[in-house]
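>>> missing the sequence, but the structure's below:
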């Protein structure tokens, strides 16, 4: 990736592994120093930090529960202090939690899914705004999903609703922050192979069927998502805001 973010400071939530790690490393390849957030994957987060440092950029891992306001506030302050500011915020943290039909779903399950996917983005952005407003080119990138467009797979109604909420949150926030020079965009990955999400919740046979139905002829990779995020974080996207970039190989053309 080109070095178009030289001297930038970025925080990527949920960047211990998978898509989040690829985004954090991609931002570092483009020249950014990166605060790596994790919740339960400390050893994996250390690997992300090592990969970034191997590129000659600064990185440090920070643990926080993004469903707890005090944790998020502390995370952002510690990350901004380490970096020396904040230019790019990527709200990647999220989770399917589990598959459940609406008929069998508990209030606690629904609330947990909304908290970890949608409310966490709100909390993180709110905490980061004072720092982003001091940046000369603040960027926020949120993580939606193909599920926001097509309702997701079996038992993922709550997840689809949370990711559709992220998309609406992104649009409203883009209008709110445009005058402050901050752009806000979202990415919506489809089937991305080699992630804990699908390795945990999607059977191998189902993964192969999903890949076979993708028009470009292959499943996506975490690096496919990272490339789009790096572009949205770059100076080249200064007039691009309030949009969702679909990264699904043509599964859901709009």
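Right, received. Where do you want to start? Remember, it's a predicted structure, so these values are computed and weren't measured experimentally.
>>> Going by C-alpha atoms from here, please, whenever you check contacts or count neighbours.
Fine.
>>> Doesn't residue 93 belong to a strand?
No: counting by DSSP: H, G, I helix; E, B strand; the rest coil, one finds residue 93 to be coil, located in no strand.
>>> Just the terminal-to-terminal distance for stretch 126-140.
Stretch 126-140 has an end-to-end distance of 11 Å (CA to CA, to the nearest Å).
>>> swap in stretch 100-118?
This stretch, stretch 100-118, spans 18 Å end to end (CA to CA).
>>> likewise stretch 128-147?
27 Å.
>>> Beta-bridge partners for residue 247, please?
Beta-bridge pairing for residue 247 (DSSP bridges): residue 189.
>>> Please report the distance of it from residue 97.
Applying CA to CA, the value for residue 247 to residue 97 is 22 Å.
>>> Neighbour count: those two, which is higher?
residue 247 (21 against 17; other CA atoms under 10 Å).
>>> show me the contacts for the more buried one.
187-190, 220, 224-225 (CA atoms under 8 Å, 6 or more residues apart in numbering).
>>> Ok, residue 193 next?
219-222.
>>> As TSV, those with secondary structure, distance to residue 91 and pLDDT would be great.
Shown next, in TSV, are the contacts of residue 193 (DSSP: H, G, I helix; E, B strand; the rest coil; distance: CA to CA, whole Å; pLDDT from 0 to 100):
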residue	secondary structure	distance to residue 91	pLDDT
219	coil	23	90
220	strand	20	93
221	coil	18	96
222	helix	15	96
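>>> of these, closest to residue 47?
residue 222 (15.7 Å; CA to CA).
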